[in-house]
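Asker: curious how this folds, go ahead:
(2 chains)
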Amino acid sequence: MVVNSVHWFRKGLRLHDNPALQEALNGADTVRCVYILDPWFAGSANVGINRWRFLLESLEDLDTSLRKLNSRLFVVRGQPADVFPRLFKEWNVTRLTFEYDSEPYGKERDAAIIKMAQEYGVETLVRNTHTLYSPDRIIEMNNHSPPLTFKRFQAIVNRLELPRKPLPTITQEQMARCRTRILDNHDERYGVPSLEELGFKTFKGDSSHVWKGGETEALERLNKHLDRKAWVANFERPRINAQSLFASPTGLSPYLRFGCLSCRVFYYNLRDLYMKLRRHSSPPLSLFGQLLWREFFYTAATNNPNFDRMEGNPICVQIPWDHNPEALAKWAEGRTGFPWIDAIMTQLRQEGWIHHLARHAVACFLTRGDLWISWESGMKVFEELLLDADWSVNAGSWMWLSCSAFFQQFFHCYCPVGFGRRTDPSGDYIRRYIPKLKDYPNRYIYEPWNAPESVQKEANCIVGVDYPKPMINHAESSRLNIERMKQVYQQLSHYRGLSELKEVLLHKSW
Amino acid sequence: MKRRLSGDCEDSPSSCEGPAESCKRVRQPAEDSGDVLPDWARLPQEMLLHIFQYLPLLDRAFASQVCRGWNEAFHMPELWRCFEFELNQPASSYLKATHPDLIKQIIKRHSNHLQYVSFKVDSSTESAEAACDILSQLVNCSLKTLGLISTARPSFMELPKSHFISALTVVFVNSKSLSSLKIDDTPVDDPSLKVLVANNSDTLKLLKMSSCPHVSPAGILCVADQCHGLRELALNYHLLSDELLLALSSEKHVHLEHLRIDVVSENPGQQFHTIKKSSWDAMVRHSPKFNLVMYFFLYEDEFGPFFRDEIPVTHLYFGRSVSKEVLGRVGMNCPRLVELVVCANGLRPLDEELIRIAERCQHLSAIGLGECEVSCSAFVEFVKMCGRRLSQLSIMEEVLIPDHKYSLDEIHWEVSKHLGRVWFPDMMPTW
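Answerer: Okay, the predicted model is just below:
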């Protein structure tokens, strides 16, 4: 019997550690790797130019790698539900493979596709490799509900076996056994689209090329990342310093999000390096902090279709956020008048990545710290601009940072002046992303509105004219907002009466 | 829910019947022989009242549509003692508002039943206006509790002052039995406080008026002088005076239970007045168990006048960065301290300061540290010294600096050991 396979790339944009793709090749006569993309949809989707660029570069990279194996990537225009019936018929498909998507929307879409495939007599094979562990397994081990504190999550993970070992990359031999018939007009029909085709205007010498998409780049970065760790011989989580704010050439989060880098490969490389340098002692869970946070949010989200909103979300505290589009726009566009916040939002828009503490700072400012605007609005801005934001991790992080879920203490508020100043006393970060302020002395660069007129003139930047005045009074806002949070949490514990709740600290439930 | 429309739903009077008796009566078989199903329509009013009290308003409203008897129960005065008016505009809030028709009905049928009322308003001026509108109509109320609560920006402050005052004084004058009043972030002023006092001095027990910029120290002093039953008070530091503390400690005054003070900087470099130690001493003598809660929102260099002498503060919250030096003074001068929250300090470890606090603040049972630094060894020492009295230990993970004795992974065992329960620092996502 002839086996014609189609491997459907969604995330998992890589040839290494790709069991689903291996299954496609296994005993197949022909194989075609497809990516489905709807250019019409591109314009309206909440996805910014950096994210599209990263994706397209990742697809180009896949195509290049597949060419070396005498195959190509097929970028099919349209929606999966429309595209697949056509392809099944045209290519006589008998087997469909893809990587498991744990997100509620993904599960629904895939269930429909699997059902449709059945109707066409197409066998479907799905493999779970976007996460280290199976979210369902973790949920099962936690009395059939997802862990809602990170510590509980870690406790469960500690009891699990190690994640499955990653598979090697696809080889020439494997590919040689299956052919892919490439038509002459492949590029026209199935080529990777350009940014222009998706409706974006690009400029010559576009500088925002800090993060290059693709598996090749991902693996190079992984090597550099490990080299640096080995050189430093220190596996403690690095304390933030001024340099950390800038995009790192060994940063990996966008590559994990798109699946250009397998999380299992990252895991095992870290683990092996640690054991080599620390003489075979078992690494602590904290070594995998970045990866485990990802797992935590995927697990929390997998069975909750309302995970990305407040209303109807069983784990989200209902907080009376303010509805203020003007204030939201100022925050999103980096016009708050607080250089620390504006620099971060500018870096985010220009490059698509900001350090996690920078995320905390701007998220706090938007929600419970200063503007009292809903975390959903912030989440949508990040979704558009942030390269490593996917549905589960983005929504979960915003709920965490706004103290809307996961039993977070709300007393801790990041000051939009002080926190920045303590992180980067030199002010270089501000000067880089807000060039207008570059001539301000360190003393005033985080709070230019406090600079005497002479200093402002000297720096050629008058607050209120060349740079906005601060949009709120932080002391006043934080005072108000801590009261608001207390009001919300008082109600949660069914507190009756109007007398003061004396404590600000929440009682933890583990 | 089964409905049995057995013709007329008569009220079941007889208030001297107990619940068991009522049940028995309700369970009488109906005309059909052998039918022992309860007749929901004939549930006695007291039982309905009891059940309705468990239902949220919307469910109660649905229930009231079932039959005349249940509709009458819905309007029983006991169900209208407490009400929270939620006033939101779709343009400024995501939350639903109390239906205007319901508000009309309440004012028409139940305003004289209302005793415990609060208004929750969003950041729009319309919502604050709507609240005032309702307040002005509460002429027949003798309220015991009134709360004006802004859930976002303080919209009461945007109203014309006279408009707000006249609405508020309607309640002050007509209630004459106000016990709790929550009017933070409102344009209340000295004359309106005089009206409050003139009508409610015997009953006022709780007054929360943080951030009411139109009130002067004399205005609040008048309240303290006349309202001898006042047990809980919340205000801003600029209203605090030695005279006020002495008035609250006078013989005629009851023991104060709770005093909350917000110290907020309006402009950088603001000067704050000092309170004499003798005034605080008088407070402690008069009300030995009172809680003194202080919230500080100051720049680091504005702390000059504070913590120079012993002060009986029990709950201390530093909302902005506070210096090592000030925390050192806190350790020296706050023997009654129960809860301490520090949002931020800076990049020099607070080792000595924490140890001193453990030594001298023997009642400390809750601590929260945000953007600070403490070496792991000093932290373990701190926890050891406080021992099991620390019921709340909320430390951000980044605060703890590993040293030669302890790494981050080891520290939680040590701390858990001394606390007698499992403990972890607070974490933030790092992705």
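Asker: hmm, the helix or strand where residue A:328 lies in reach of chain B?
Answerer: Element membership of residue A:328 [criterion: DSSP states H and E] is helix A:325-332. No: applying C-beta under 8 Å from any C-beta of the partner chain, one finds helix A:325-332 separated from chain B by no less than 9.3 Å. C-betas here are computed from N, CA, C, even on glycine.
Asker: got the contact list for that helix?
Answerer: Under the criterion C-beta atoms under 8 Å, 6 or more residues apart in numbering or on different chains, residues A:335-336, A:341, A:345, A:362, A:365-366, A:371, A:373, A:377-378, A:381, A:468, A:471 lie in contact with helix A:325-332.
Asker: restrict the residues you listed to contacts with chain B.
Answerer: Among these, proximity to chain B is found for none (C-beta under 8 Å from any C-beta).
Asker: could the residues you listed be laid out in JSON lines, adding secondary structure, pLDDT and neighbour count?
Answerer: Output for the contacts of helix A:325-332, formatted as JSON lines (DSSP: H, G, I helix; E, B strand; the rest coil; pLDDT from 0 to 100; neighbours: other C-beta atoms under 10 Å in any protein chain shown):
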{"residue": "A:335", "secondary structure": "coil", "pLDDT": "97", "neighbour count": "16"}
{"residue": "A:336", "secondary structure": "coil", "pLDDT": "98", "neighbour count": "25"}
{"residue": "A:341", "secondary structure": "helix", "pLDDT": "98", "neighbour count": "28"}
{"residue": "A:345", "secondary structure": "helix", "pLDDT": "98", "neighbour count": "26"}
{"residue": "A:362", "secondary structure": "helix", "pLDDT": "97", "neighbour count": "29"}
{"residue": "A:365", "secondary structure": "helix", "pLDDT": "97", "neighbour count": "29"}
{"residue": "A:366", "secondary structure": "helix", "pLDDT": "97", "neighbour count": "29"}
{"residue": "A:371", "secondary structure": "coil", "pLDDT": "96", "neighbour count": "26"}
{"residue": "A:373", "secondary structure": "strand", "pLDDT": "96", "neighbour count": "22"}
{"residue": "A:377", "secondary structure": "helix", "pLDDT": "97", "neighbour count": "22"}
{"residue": "A:378", "secondary structure": "helix", "pLDDT": "97", "neighbour count": "26"}
{"residue": "A:381", "secondary structure": "helix", "pLDDT": "97", "neighbour count": "23"}
{"residue": "A:468", "secondary structure": "coil", "pLDDT": "97", "neighbour count": "17"}
{"residue": "A:471", "secondary structure": "coil", "pLDDT": "97", "neighbour count": "18"}
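Asker: out of these, who's nearest residue B:409?
Answerer: For these, the closest approach to residue B:409 (C-beta to C-beta) belongs to residue A:362, at 30.0 Å.
Asker: next, the contact list for the closest one, please.
Answerer: For residue A:362, the contact set (C-beta under 8 Å, 6+ apart) comprises A:331, A:341, A:344, A:345, A:348, A:354, A:378.
Asker: what are the ranges of the strands in the stretch 201-350 of chain B?
Answerer: Assigned by DSSP state E, counting those that start in this stretch, the stretch 201-350 of chain B shows strands spanning B:206-208, B:232-236, B:258-264, B:291-297, B:315-321, B:339-344.
Asker: kindly present the contacts of helix A:325-332 as a markdown table, with separate columns for distance to residue B:167.
Answerer: Shown next, in a markdown table, are the contacts of helix A:325-332 (distance: C-beta to C-beta, whole Å):
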| residue | distance to residue B:167 |
| --- | --- |
| A:335 | 38 |
| A:336 | 35 |
| A:341 | 38 |
| A:345 | 41 |
| A:362 | 39 |
| A:365 | 35 |
| A:366 | 34 |
| A:371 | 29 |
| A:373 | 29 |
| A:377 | 34 |
| A:378 | 36 |
| A:381 | 40 |
| A:468 | 37 |
| A:471 | 31 |
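Asker: what segments of the stretch 151-300 of chain A are helices?
Answerer: For the stretch 151-300 of chain A, the helices defined by DSSP state H, counting those that start in this stretch cover A:172-177, A:186-190, A:215-232, A:253-258, A:263-277, A:289-301.
Asker: picking that back up, can you pull the buried residues of the helix holding residue A:328?
Answerer: Using 16 or more other C-beta atoms under 10 Å in any protein chain shown as the test for burial, helix A:325-332 gives A:327, A:328, A:330, A:331, A:332.
Asker: what parts of the stretch 51-200 of chain B come near chain A?
Answerer: Applying C-beta under 8 Å from any C-beta, we find that the stretch 51-200 of chain B lies next to chain A at B:88, B:91-95, B:118, B:120, B:122-123, B:145, B:147, B:149-154, B:180, B:182, B:184-185.
Asker: in PyMOL, select just the buried ones from those residues.
Answerer: Here is the PyMOL command that selects only those of these that count as buried (16+ other C-beta under 10 Å):
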select buried, chain B and resi 88+92+93+94+95+118+120+122+123+145+147+149+150+151+152+153+154+180+182+184+185
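Asker: surely residue A:58 meets residue A:254?
Answerer: No: using C-beta atoms under 8 Å, residue A:58 is not in contact with residue A:254, being 9.4 Å away.
Asker: just give me the neighbour total for residue 249.
Answerer: Reading this off chain A. 12 (other C-beta atoms under 10 Å in any protein chain shown).
Asker: oops, I was thinking of chain B
Answerer: Number of residues near residue B:249 (other C-beta under 10 Å) recorded here: 21.
Asker: do residue A:80 as well
Answerer: 18.
Asker: go on, residue A:435?
Answerer: Applying other C-beta under 10 Å, we find 11 residues neighbouring residue A:435.
Asker: ok, it to chain B distance?
Answerer: For residue A:435, the distance to chain B (C-beta to the nearest C-beta, to the nearest Å) stands at 26 Å.
Asker: now do that residue, the pLDDT please.
Answerer: Residue A:435 is assigned a pLDDT of 96 by the prediction.
Asker: repeat that for residue A:256.
Answerer: At residue A:256, the model reports a pLDDT of 96.
Asker: and residue B:88, by the same measure?
Answerer: Residue B:88 is given a pLDDT of 91.
Asker: any idea how far residue B:121 is from it?
Answerer: Distance, residue B:88 to residue B:121, by C-beta to C-beta, to the nearest Å: 8 Å.
Asker: fine by me, thanks again.
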